[in-house]
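**Student:** I would like to see how this sequence folds:
(chains A and B)
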Amino acid sequence: MTRVGRFIGRHFVMVLGLVVLLYLFAPIVVVMLMSFNQPKSRLSYTFDGFTWDNWLHPCQPYGLCDAVSTSLRIGLLATVVATALGTLMAFAMVRHRFRGRSATNLFIFLPMASPEIVLGSSLLALFVSSGFGGKLGFWTILIAHVMFCLSFVVVTVKARLAGMDGRLEQAAMDLYANEWQTFWRVTFPLVFPGIMAAALLSFSLSFDDFIITNLNAGTTVTFPMYVWGSAQRDIPPQINVIGTAMFLLALVFVLAGELTRRRRTRSAR
Amino acid sequence: MSAVGQLGAASAADPVPPPERSGRKLTAYLLLLPGGLWLLLFFVVPLVSLLAASLYDPNGSIENGFSMTWHWQNFGTTMVDYAKPFGRSLWYALLTTAFCLLLGYPLAYAIAMKAGRWKNLMLALVIAPFFTSFLIRTLSWKLLLSDNGFVVGALQWLHILGPDGRLLATTAAVVTGLTYNFLPFMVLPLYASLEKIDRRLIEAGGDLFAGPVTTFRTVTLPLSMPGVVAGTLLTFIPAAGDYINAQLLGTPKQRMIGNDIQRLFAAGAYPTAAALSVTLMAAIVVLVLIYVRRAGTDELV
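**Tutor:** Residues are numbered from 1 along each chain as shown, chains lettered A, B, ... in the order given. Below is the predicted model:
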């Protein structure tokens, strides 16, 4: 066996794993590449030539930036509301024992286990039957997004809370901190990374949602709906600019989080 | 990001808090109230109105309104008319789940057991695709699988695909897209449960003269079952309701039930659309219950 063969033999699982990661990344490479595309005709979706134009004029296609701004506004609002409500629920679930606790757990899990098309269509059924059928738009989308983000927030924050060492809080109390001080000085800073992760997750879920939004949007156009609409006609390369920019922005967030985490663990030693 | 990694299996390890003074019980209910109310109003109540809408008189229209006639026949007629896309959705979802498991397990295993200090980076890379829009990524698959793309070229060169063979607008393309989209939902819970396995148990397998395959089959795989169950559910359920991949990568021949539900709602045929939606939900609930019971994990929720 050659050296390469032996290397692959020893690291077989790792090589397999990296191949799968490659599969996950192939379309992202295409998105990045296509963001520099200069299509020959409006209907062409192949790489015809290189240009910086798309990055310099991302708002050129009509309505694109309006759609992005609508998505950003909905995403931020939905994240704030869902993170707040979900964090409260997570605290109740982990820190308290009450009647109906396991039923509540199931109740929180169910929206995550329902197909989006069912969530979306049932909300539409509610809005139509309660007379809001003509008022679909920003607010109905927001209501829907908070609903499906909530469960993900609860699960994420719960995981962080459950993995926390309760003795740290006991120590604070032993050192005469009252409940309020203990919460803000000990509990909250320890849970905070979990809350941030939940917020990031909420935002990306909301920004990316199409199926539920499409049913409840009325005439409002979010970014995914804009992409969907243009996929039926011509696909402006600027869409890929937005996709790439979002990706890079998220990467910066994740790297910054990772760096602060490393620095903290190093200084703790 | 590690909190996201624990997503699927987070609920598995759920310690019951110690008993408390009764005054704090009220606090628990107060903490739950706002979020619970939101879920009640915008998740439970809508499901009820969906059920109601599925029993409306199918002759109604948006202009004239729908009247409640307890028209149970809606379910019968939709099942006859839409049996094909319905079965196709479940079949595609099953294929997708199988491929996700096949691809996701080695990746999750590599991250949990072999990655060492690269673990966090690899996890971040698994989540990273989430941050470019799902629709844009599906559109990229359209390009990757196109007739003059390199995937088709490579497969033709290997004689897997005939000279006129194509990928785009076939079942293969739709399932590729679905697998791609839901793979992270398989990898994350698998990773979470593989990570928790006590390495000494696997070493013990080797010490007792089991080969790597036997050790994997009798120790690692059974211990990772909670992750397998969570992952398969998190891929199967959304895949069954998806219509984006079928629409962008397939043809009307690959139409899934989601395409029909969306189309009927957009056309204002609420009773039929609602009946289809209710049937999909019911089918999924039944399948999930059977599956969870057979897999023997009640820790999931």
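**Student:** torsion angles phi and psi at B:Y56?
**Tutor:** Main-chain dihedrals, B:Y56, degrees, to the nearest 10: phi -70, psi 160.
**Student:** that one bridge partners, please.
**Tutor:** Taking DSSP bridges as the rule, B:Y56 bridges to B:M68.
**Student:** so it sits against B:H71, correct?
**Tutor:** Yes: counting by CB atoms under 8 Å, B:Y56 does reach B:H71; the two are 6.5 Å apart. Every C-beta, even on glycine, is put in place using the N, C-alpha and C of the backbone.
**Student:** out of the two, which sits in the more crowded spot?
**Tutor:** B:Y56 (23 against 20; other CB atoms under 10 Å in any protein chain shown).
**Student:** okay, and the common contacts of B:Y56 and B:H71?
**Tutor:** B:P271 (CB atoms under 8 Å, 6 or more residues apart in numbering or on different chains).
**Student:** burial count for the residue of the stretch 151-300 of chain B found nearest chain A?
**Tutor:** Using CB to the nearest CB, the closest approach of the stretch 151-300 of chain B to chain A is made by B:G241 at 2.6 Å. Counted with other CB under 10 Å, the neighbours of B:G241 add up to 25.
**Student:** for it, list the residues it contacts.
**Tutor:** Contact partners of B:G241, counting by CB under 8 Å, 6+ apart, are A:P115, A:E116, A:I117, A:V118, A:I211, B:S89, B:I257, B:G258, B:L280.
**Student:** ditto for B:L125
**Tutor:** A:L21, A:L24, A:F25.
**Student:** which residues are contacting the helix or strand where A:V128 lies?
**Tutor:** In the assignment (DSSP states H and E), A:V128 maps to helix A:116-129. Residues from elsewhere that reach helix A:116-129 (CB under 8 Å, 6+ apart): A:111, A:133, A:135-136, A:140, A:143-144, A:147-148, A:209, A:211-216, B:42-43, B:45-47, B:49-50, B:52-53, B:238, B:241-243, B:257-258, B:261-262, B:265, B:270, B:273-274, B:277, B:280-281.
**Student:** of those, which belong to helices?
**Tutor:** A:140, A:143-144, A:147-148, A:211-216, B:45-47, B:49-50, B:52-53, B:238, B:241, B:257-258, B:261-262, B:265, B:270, B:273-274, B:277, B:280-281 (DSSP state H).
**Student:** mind listing the strands for chain A?
**Tutor:** Remark: no strands are assigned in chain A by DSSP state E.
**Student:** any idea which residue sits dead centre in it?
**Tutor:** A:S204 (2.3 Å; CA atoms, centre = their mean).
**Student:** surely it touches A:F253?
**Tutor:** No: when contacts are counted by CB under 8 Å, A:S204 is not listed as touching A:F253 (10.1 Å).
**Student:** before we move on, the earlier item: now the contacts of B:G241 as a markdown table including distance to B:F134 and pLDDT?
**Tutor:** Shown next, in a markdown table, are the contacts of B:G241 (distance: CB to CB, whole Å; pLDDT from 0 to 100):
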| residue | distance to B:F134 | pLDDT |
| --- | --- | --- |
| A:P115 | 15 | 93 |
| A:E116 | 11 | 94 |
| A:I117 | 14 | 94 |
| A:V118 | 18 | 95 |
| A:I211 | 10 | 94 |
| B:S89 | 18 | 94 |
| B:I257 | 19 | 93 |
| B:G258 | 14 | 93 |
| B:L280 | 20 | 94 |
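**Student:** out of those, flag the one nearest to A:T244.
**Tutor:** A:I211 (23.5 Å; CB to CB).
**Student:** kindly tell me how buried the closest one is, as a neighbour count.
**Tutor:** A:I211 has 23 nearby residues by other CB under 10 Å.
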